[in-house]
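> based on what follows, work out the 3D shape:
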Amino acid sequence: MPEIEELKADWNSGKLSQIARDLIEFVKNHRADIIDYRDRELAKLRGVSVSDDLAVRMYILQIRSISPQGEIKDQLKEIEAEVWYRGENVGGQVDRQQVAREWCLRHAPGWRDHRVMAIIFVLEKIKEQILAILNDPSRRAS
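Got it, this is the predicted structure:
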């Protein structure tokens, strides 16, 4: 199944709801940084004003993480699944640390890329809510 189709299915089944909650919290917590990024960094690079939508996307692509703890937890679940799978295949115990090292070497970069794509996918689904947070006058610094 193509990755975008997988993301659509995950969204429709609710599997991406935690990413949506994490993204909302991320934007709330990093609002000033995103605005600064939009106003200074991206504007300097391009010499033009940058939309809020593009600024959030670019900021996320630069940071590549919205919830380090949640992402580590999800990676550990994947590693545990790999430990279980290998244990089933060999019919016994496996070296958990060796499996973790191998998983990190083989799968971590692809997992990270997929996670960032999922975050951007979710951003598109809840874009209006994210932009409302970014533009909320009650959140403006004094």
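
> tell me the spacing between Leu16 and Arg112.
Distance of Leu16 to Arg112, given as C-beta to C-beta, to the nearest Å: 16 Å. From N, CA and C alone the C-beta is placed, and that goes for glycine too.

> who has more neighbours, these two?
Between Leu16 and Arg112, Leu16 has the larger neighbour count (other C-beta atoms under 10 Å), namely 22 against 14.

> tell me which residues touch the more buried one, please.
Leu7, Asp10, Ala118, Phe121, Val122, Lys125 (C-beta atoms under 8 Å, 6 or more residues apart in numbering).

> helix or strand with the lowest mean pLDDT in this protein?
Least confident helix or strand, the chain: helix 43-46 with a mean of 70, by mean pLDDT, DSSP states H and E.

> and the next helix or strand past it?
Toward the C-terminus, helix 43-46 is succeeded by helix 52-63 as the next helix or strand (DSSP states H and E).

> helices or strands up against that next one?
Here helix 52-63 touches helix 17-36, helix 96-125, helix 127-134, going by 3 or more C-beta pairs under 8 Å, 6 or more residues apart in numbering; DSSP states H and E.

> and of these, who's closest to Leu61?
In terms of C-beta to C-beta, the element of the helices and strands packed on helix 52-63 nearest to Leu61 is helix 96-125, at 6.9 Å.

> also compute the angle for that closest one relative to helix 52-63, please.
If you take axes from the mean of the first three to the mean of the last three C-alpha atoms, to 10 degrees, helix 96-125 sits at 170 degrees to helix 52-63.

> all further residue positions should be reported with the first residue as 17.
In the new count, where the first residue is 17, that last one comes out as helix 112-141.

> noted, bye for now.
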